[in-house]
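S.K.: Pasting the sequence and the predicted coordinates here, then a few questions.
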Amino acid sequence: MSLLKLVTLILAVVLFFPASNVYGHGLGIDTISSVDIQGKEISISVELPLSFDNLDEKQITITATEDETKENAKNVTFLIGLFHENQMIFRNYFFTSDGVLPINVKPTEEGTISINGAQDSLLGAWYGTESTPLEITGPIFNSGGLYNFEIEIRTIDEPTNIVEDSGIYNADLSVAEITQYLEKDSKNQDVSFRLKSYFDKISSFEYDSEKKQVTFEMPFDWSEKQMSHIPVVHEEVHFPNEFTEFLSPGYTGQVNGIDLFKSSVTVDDYTEEDERIVHFVLLQDHLRFLKNQMKKTNEPLPDNIVFTLSTNEKIDFPLTAYTRSEDFLVNLSWDPITIQPETTTKYVFTIRDGATNEPLRNSDYTFVILQGGKEIHRVTGFAQVGGESEDYYFTEDQTGPTIIRFENIRNTGQETEFGMVVAPEFGTAVGFILVVSIMSVIFLSKKISLDYPKF
């Protein structure tokens, strides 16, 4: 292994992610909340696989839940329309007696959409039985991008209880889109890039060998109605790990010319053996921040996102995240850099004024750690001088994507969060390589400093 590879191994051990899976709309799930049906508040969730690789059979699951009882609604008939790129794929009635509607999907390259199962006599709604599962076949989900579900509820509680004018509700989910691009490096040699989008289709990809910069764009609706149910936008840039011209200890990112937070651009040298992946991860609050920054120019909001990825020769701590209102800003660093189980990690942070960047003395906070959507640690603290630290010992089974959340900052109810990965414990051989790598980096650079928050 080359020294450069050893160095990048250290610098990329910790990945920063926003949730247990960092994908587009709703991590594969989009939930429509507070639907008023005959005086009942109903939530409707739509779950979609993140990809339909090789046109494999997958499943859509649509669930109706009563908000008050938290139990599934009974005898629900949905009118569901599915749209992609402004084209209707199907629009049909579907029935479920227990509030959970599983639909098997068998995508094909060509042909027509066909629905198989049983049908009721009231509305001709499709449903599945033990012997005849509900199934849709045809050219469905055979390309990536956003898919829009238009949903109405037509019966509830009793199969014959017809609901009039329930309203039309929308859920948007993404199927991963993978595109490939052949670009020229500084020596006019071909370099293969791949883009994996968990949101919408990518266009206008370009690599600039002089600037060592990648740019690409995708359509995006900046309206609040659309953004309100987008928890995360996630894009991946893949390129060969032997492409040293673009290998870098770190990267900076921009959206429509606006600098992204450090935690929004992360390096992954482990998912693919022969590739480096650089992730763009934009949380909902990040998107609102970007929108507010664009509005300051007094120009009309664009109908797209233009991503820019540039090399950066250093890794900068602390990471920074604003609360939704931008009243507060939190800086976060941790030690050791590689977060592993069976080791105590010290999280060092400062709570700052979002406008002036000054530390805020006497700041209340609640420090929360989540994994897989479940809370594993919660403690309330008081940052007397604006800065404080919290320790946590991850157990052997507490690995993988992790969220660090700061709740109820200064007793205002405002919060913000950071994502990272707790790496599985390394074996002896890999541990030895890491130690040698660290020594090599120190020898070459004389000093590695982590910019912890200054209290």
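M.R.: Arrived safely. Numbers count the residues shown, from 1 in each chain.
S.K.: Going by C-alpha atoms from here, please, whenever you check contacts or count neighbours.
M.R.: Noted.
S.K.: give me the low-pLDDT residue ranges for the stretch 351-455 of the chain?
M.R.: For the stretch 351-455 of the chain, the stretches flagged by pLDDT under 70 are 421, 424-455.
S.K.: And the helices in it?
M.R.: 428-445 (DSSP state H, counting those that start in this stretch).
S.K.: and residue 75, what does it touch?
M.R.: 95, 96, 97, 98, 99, 155, 156, 157, 158, 159 (Cα atoms under 8 Å, 6 or more residues apart in numbering).
S.K.: Just the buried ones from those?
M.R.: Neighbour-count burial (16 or more other Cα atoms under 10 Å) is assigned, among the contacts of residue 75, to 95, 96, 97, 98, 99, 155, 156, 159.
S.K.: The first one pairs with what?
M.R.: Following DSSP bridges, residue 95 is listed with bridge partners residue 77.
S.K.: so how far is residue 261 from it?
M.R.: Here the criterion is Cα to Cα, to the nearest Å. By it, residue 95 lies 45 Å from residue 261.
S.K.: Please apply the same query to residue 384.
M.R.: Computed as Cα to Cα, the residue 384 to residue 261 distance reads 26 Å.
S.K.: So between the two, which is more surrounded?
M.R.: Counted by other Cα atoms under 10 Å, residue 384 and residue 261 do not tie: residue 261 has more neighbours, with 17 against 13.
S.K.: and the more buried one, what pLDDT?
M.R.: In this model, residue 261 is scored at 84, pLDDT.
S.K.: Quick one: residues contacting it.
M.R.: 319, 320, 321.
S.K.: Doesn't residue 263 belong to a strand?
M.R.: No. Inclusion of residue 263 in a strand is not indicated when DSSP: H, G, I helix; E, B strand; the rest coil is applied; the result is helix.
S.K.: and it, how many residues sit next to it?
M.R.: If you count neighbours by other Cα under 10 Å, residue 263 ends up with 24.
S.K.: Identify the residue nearest it in space, chain neighbours excluded?
M.R.: Distances taken as Cα to Cα, 6 or more residues apart in numbering place residue 319 nearest to residue 263, at 5.8 Å, with adjacent residues excluded.
S.K.: can you check residue 171 too?
M.R.: Spatial nearest neighbour of residue 171, chain neighbours left out: residue 149 (5.1 Å); criterion: Cα to Cα, 6+ apart.
S.K.: now, which of the contacts of residue 261 lie within strands?
M.R.: 319, 320, 321 (DSSP state E).
S.K.: which one of those residues sits closest to residue 411?
M.R.: Ranked by distance to residue 411 (Cα to Cα), these are led by residue 321 at 17.9 Å.
S.K.: and the gap between that closest one and residue 356?
M.R.: If you measure residue 321 against residue 356 using Cα to Cα, the figure is 14 Å.
S.K.: Could you list the low-pLDDT ranges of the stretch 101-250 of the chain?
M.R.: The stretch 101-250 of the chain contains residues with pLDDT under 70 at 249.
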